[in-house]
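Enquirer: Sequence and predicted structure are below.
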Amino acid sequence: MLKIPYKIRGRTIFSGVMWMVVAVIQLLLFSSGLSSAYPYFPALNLFVFISGLFLSLAHFFIYKFDYLRLNSEIISTDRGFPSPRKEIEISTIKEADFLEDKIVLQTQKNKEIVLKAEHISERDFQKVTTELKKLLNKQETHCKASTTATRS
């Protein structure tokens, strides 16, 4: 089984730091006397603190999760919390578009899965492309390759 983790990106780390700052500010407001002036303020501060803490940890540790899992039967991608992984059986793929910045797979039931290159390293994207082409050629799936065109 091929497991590809998320790529570590600067903006992800920056977002994690910003959410941590929001959580700390909310904790300071919650512990100060200011939050007792309004009856709903303590509950709101606590909610924002917990949300900020959760989101900062999610941004810091996203690279620990597998963005993509590929074996000889199933390909699946992570869609983020709380959504479940999106899975497609390799045998049901009728068309595959290999674009410069993504791979678009479409099944016989018009279910679509998009593998975006921006979420993984270039080396991993090449590895996925090669492995997927091998699997799809075994079952004679219609594949299109493009190096310049992109699909929105």
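Expert: Structure received. Numbering: from 1, shown residues only.
Enquirer: Could you point out the longest helix of this protein?
Expert: helix 10-31 (DSSP state H).
Enquirer: What's the first helix or strand after that helix?
Expert: Reading on from helix 10-31 to the C-terminus, the next helix or strand found by DSSP states H and E is helix 41-60.
Enquirer: For that following helix, which helices and strands make contact with it?
Expert: For helix 41-60, the packing partners by 3 or more C-beta pairs under 8 Å, 6 or more residues apart in numbering; DSSP states H and E come out as helix 10-31. C-beta here means a position set from N, CA and C on the backbone, and glycine is covered the same way.
Enquirer: list the buried ones in the helix it packs on?
Expert: T12, S15, G16, W19, M20, V22, A23, Q26, L27, L29, F30 (16 or more other C-beta atoms under 10 Å).
Enquirer: ok, and the closest non-adjacent residue to I75?
Expert: I88 (5.5 Å; C-beta to C-beta, 6 or more residues apart in numbering).
Enquirer: what's the helix or strand for that neighbour?
Expert: I88 belongs to strand 86-89 when elements are defined using DSSP H and E.
Enquirer: How far off centre is that strand?
Expert: Going by C-alpha atoms, centre = their mean, to the nearest Å, the spacing between the C-alpha centre of strand 86-89 and its chain's C-alpha centre is 15 Å.
Enquirer: what do you get for stretch 3-23?
Expert: Centroid separation between stretch 3-23 and its chain, computed with C-alpha atoms, centre = their mean, is 12 Å.
Enquirer: Next: stretch 17-24.
Expert: Counting by C-alpha atoms, centre = their mean, stretch 17-24 is centred 21 Å from the centre of its parent chain.
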